[in-house]
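Enquirer: Next come a sequence and a model predicted from it.
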Amino acid sequence: MMSHDLSKPMLIKLEHAFFARPAHELAPDLIGKILVRTLRGTPVRARIVETEAYVGTHDLASHASKGLTERTKIMYGPAGRAYVYLIYGMYDMFNIVAAGLDDPQAVLIRAAEPLDGWAVDLAGPGKLARGLEITRALNGIDLTSDDLYLMANSADQPTVVATPRIGIDYAQEWKDQLLRFVDVNSPALSNRKGLPARVGLI
DNA sequence: GCGTCGATGGCA
DNA sequence: GCCATCGACGCG
């Protein structure tokens, strides 16, 4: 008979099916998940604390609003791959493709807490990609690969709050949609504006 | 603490 | 001409 110690947290690798749903559902569910990046043969881990959903061609903040182009074509493919692009000439942005074929949705990973005593600043999408060495060379990579994958921690039940997305003031009626998701108790958010100073027994 | 600004290159 | 950003600088 197998024994199960339910007091022990379970770490389970996320498979493709986890990512194959609308970005507005996937994005909050990614808070508290663990990113594993293999660098020079060694896995480093970080806990995701901030994400944003980009929900399709009608979303004026999404690159997919430009339709199918050389840059956006990865979002039209299967869920669970990386969409990595360059912004401001110097920062790579790491996104996870969501939804299904020909439904171009994605989740931007904006901040994480390094684990295992690893001292690195991952509080912001540019810093996160730099710290994890995620560049455009990884655009299209399958996120169940050993180089970069995700894990669920059954013991981690973060308090998730939705806010407007950052840096998309041009997106008209989309700029106020509550499509950014944060673990309100994390010290590693990119930006704390609009959040309660602290969350206790409110 | 907060506002402003420049870096820097791919994209449509 | 614009960016799904960051870090440096100047306030007082």
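Expert: Happy to help now that I have it. Numbers count the residues shown, from 1 in each chain, chains lettered A, B, ... in the order given.
Enquirer: What parts of chain A come near DNA strand C?
Expert: Selection of chain A residues close to DNA strand C by CB under 7 Å from any atom of the strand yields A:52, A:54, A:61-64, A:83, A:87-91, A:93, A:95, A:106, A:108, A:121, A:124-128, A:165-168, A:170, A:190. Just so you know, the C-beta spots here come from the backbone N, C-alpha and C atoms, and that holds for glycine as well.
Enquirer: tell me the secondary structure for A:Leu26?
Expert: Look at A:Leu26: counting by DSSP: H, G, I helix; E, B strand; the rest coil, its state is helix.
Enquirer: With A:Gly56 instead?
Expert: Counting by three-state DSSP, the backbone at A:Gly56 sits in coil.
Enquirer: Strands of chain A, start to end?
Expert: In chain A, the segments counted as strands under DSSP state E are A:11-13, A:34-39, A:42-54, A:82-87, A:91-97, A:106-114, A:144-145, A:148-153, A:160-163, A:180-183.
Enquirer: Can I get these in a markdown table including mean neighbour count and mean pLDDT?
Expert: As requested, the strands of chain A are exported to a markdown table (neighbours: other CB atoms under 10 Å; pLDDT from 0 to 100):
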| stretch | mean neighbour count | mean pLDDT |
| --- | --- | --- |
| strand A:11-13 | 12 | 97 |
| strand A:34-39 | 18 | 98 |
| strand A:42-54 | 22 | 98 |
| strand A:82-87 | 18 | 98 |
| strand A:91-97 | 23 | 99 |
| strand A:106-114 | 25 | 98 |
| strand A:144-145 | 14 | 98 |
| strand A:148-153 | 18 | 98 |
| strand A:160-163 | 17 | 97 |
| strand A:180-183 | 25 | 98 |
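Enquirer: Which stretch among the ones you listed approaches DNA strand B most closely?
Expert: Of all those, it is strand A:82-87 that lies closest to DNA strand B, at 4.9 Å by CB to the nearest atom of the strand.
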